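> Below are the sequence and a predicted model; questions follow.
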Amino acid sequence: MFPNDLTITSNGKTIYFTDISEKWDHDNVAFSTIEGECSGRIFKCDVKSKRIDLIYSGLCFPNGIELDRSENNLLVLENARRRVIVIDLESRNIVKTIKLPGGPDNIRKTRNNGYWVAIPVLHHSTTDFIWEYPALRNIIASILGRKGLLKLVDLNQEIIVKLTETFEPESIYYDLDGKVSKAITEASESDNGEILLGSSIQSRIVVLDGKAL
């Protein structure tokens with residue numbers, strides 16, 4: 001319904017990708033969060049045969065995905081649950097969970113064997129309250145509609161979390177006033193150590209001095 005992100009094995013033979021929802025498409029995906037439905041999935045695609053297999057299901061708004069360097073584990077971001085999950089590809093079980101201060105969007109490798117996680121917005125007590133009551137969520141969704149739902153989210157901020165090689169939080173960087181960028185969807189590290197920030201609402205890429213971080 002809504003494939004979102006992908007990661008490719010080093011030999012180029014296999015693609016793993018996320019599908020945010022079985023119910024909502026791109027234009028209406030905001031309803032997935034407010035409804036609290038967890039039908040997101042992870043798929044494995046064999047490039048040569050074109051065969052697609054289901055790896056994991058029942059995820060709440062999974063978007064960013066990345067292979068670890070051993071290619072034995074998948075790191076998947078669950079936006080609605082505000083966490084990173086690590087899935088062992090052999091057993092297909094979650095072996096680690098990392099809680100985050102907001103709903104994450106994408107995850108990318110760092111140059112020093114860690115990972116950058118981009119978080120567009122922090123969680124808010126109001127949305128947390130709504131999340132606890134399904135009936136209330138449905139009423140709000142029907143009244144506000146898709147555009148109204150998006151107005152509930154403060155996009156004038158950015159947060160980046162750096163994870164270690166063993167998936168432990170190492171550092172976190174806040175820009176709560178959006179002075180550097182806003183609503184970042186990805187943080188990627190270039191070969192020279194610069195951090196490139198992408199945004200869902202700004203028509204520009206921000207380049208940071210990685211040494212300063």
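Okay, I see it.
> Check the contact between Ile184 and Leu196; I expect there is one.
No - the pair Ile184 / Leu196 is not scored as a contact, 10.1 Å apart, by CB atoms under 8 Å. C-beta here means a position set from N, CA and C on the backbone, and glycine is covered the same way.
> What residues does Val84 make contact with?
Contact analysis of Val84 by CB atoms under 8 Å, 6 or more residues apart in numbering lists Leu75, Val76, Leu77, Glu78, Thr97, Ile98, Leu100, Pro104, Ile107, Val117, Leu163, Phe167.
> Buried residues, the helix or strand harbouring it. List them.
Element membership for Val84 (DSSP states H and E) is strand 83-88. By 16 or more other CB atoms under 10 Å, the buried positions in strand 83-88 come out as Arg83, Val84, Ile85, Val86, Ile87.
> And the residue of the chain most remote from its centre, how close does it get to Glu71?
What lies farthest from the middle of the chain is Ser49; by CA atoms, centre = their mean that is 28.3 Å. Distance of Ser49 to Glu71, computed by CB to CB, to the nearest Å: 19 Å.
> Provide the strand pairings for the helix or strand following the strand holding Val84, with the direction of each partner.
Counting by DSSP H and E, the next helix or strand C-terminal to strand 83-88 is strand 93-99. Counting by DSSP bridges, the strands paired with strand 93-99 are strand 83-88 (antiparallel).
> Pairing partners for the residue nearest to Tyr56 when sequence neighbours are not counted in the sheet, please.
Once flanking residues are discounted, Tyr56 sits nearest to Ile42: 4.4 Å by CB to CB, 6 or more residues apart in numbering. In this entry, Ile42 is beta-bridged to Thr18, Tyr56, by DSSP bridges.
> So Leu136 belongs to a strand, correct?
No - using DSSP: H, G, I helix; E, B strand; the rest coil, the assignment for Leu136 is helix, not a strand.
> how many other residues sit next to Lys13?
Here the count is done by other CB atoms under 10 Å, and Lys13 has 12 residues near it.
> wait, what's in contact with Gly40?
If you count contacts by CB under 8 Å, 6+ apart, Gly40 has them with Thr18, Asp19, Ile20, Ser21, Glu22, Ser57, Gly58, Leu59, Cys60, Phe61, Pro62, Glu78.
> For the host helix or strand of Asp53, enumerate the helices and strands it packs against.
For Asp53, the host element (DSSP H and E) is strand 52-59. In terms of contacts (3 or more CB pairs under 8 Å, 6 or more residues apart in numbering; DSSP states H and E), strand 52-59 is packed against strand 40-46, strand 73-78, strand 83-88.
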